[in-house]
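Peer 1: what's the 3D shape of this:
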Amino acid sequence: MWPKLIANARKGGLDVIQTYVFWNVHEPVQGQYNFEGRYDLVKFIREIQAQGLYVSLRIGPFIEAEWKYGGFPFWLHDVPNITFRTDNEPFKVNNL
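Peer 2: Numbering: from 1, shown residues only. All right, here's what the predicted structure looks like:
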């Protein structure tokens with residue numbers, strides 16, 4: 001899927017592919033990471049580079065208001081005393 005879309009983007013005159021990196025997609029369960037198959041970020045970046053384009057990654061933790069929890073993983077909601085997007089200790093411990 002990606003090679004053809006990237007090739008069409010290049011043919012259309014684009015030179016940069018920008019993408020979000022969704023934390024909740026890559027760590028759906030605390031401590032369990034998923035970079036396999038369609039979530040293989042390195043493979044995606046290499047495909048873009050192989051076709052002569054640049055990559056612009058938008059890395060969170062908060063990445064987009066239109067995405068559920070802004071890209072935060074759902075398991076963060078279960079961390080005791082956490083407040084999202086503030087300077088509180090449980091948030092920092094689970095995000096750094």
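
Peer 1: Return the residues in contact with Glu64.
Peer 2: Glu64 makes contact with 20, 70-71, according to CB atoms under 8 Å, 6 or more residues apart in numbering. (Each C-beta comes from the backbone N, C-alpha and C, glycine too.)

Peer 1: So Ile63 sits against Gly71, correct?
Peer 2: Yes. At 4.0 Å, Ile63 and Gly71 qualify as touching, with contact defined as CB atoms under 8 Å.

Peer 1: what about the strands in this structure?
Peer 2: Counting by DSSP state E, one finds strands in the chain at the ranges 16-21, 54-59.

Peer 1: Pick the most deeply packed of those strands.
Peer 2: Each of those was scored by mean neighbour count; the highest is strand 16-21, a mean of 14, by mean count of other CB atoms under 10 Å.

Peer 1: ok, residues contacting it?
Peer 2: Identification of contacts with strand 16-21 by CB under 8 Å, 6+ apart yields 6, 9, 41, 44, 48, 53-60, 63-64, 67, 71.

Peer 1: pLDDT of that strand, averaged?
Peer 2: Here strand 16-21 scores 93 as its mean pLDDT.

Peer 1: Poorly predicted segments of this structure, please.
Peer 2: 65, 84-88, 91-92, 94-96 (pLDDT under 70).

Peer 1: what residue lies at the spatial centre of it?
Peer 2: By CA atoms, centre = their mean, the chain has its centre lying nearest to Val21, at 1.1 Å.

Peer 1: With distance to Gln32 added, can I get the strands of the chain in CSV?
Peer 2: Output for those, formatted as CSV (distance: least, CB to CB, whole Å):
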stretch, distance to Gln32
strand 16-21, 17
strand 54-59, 19
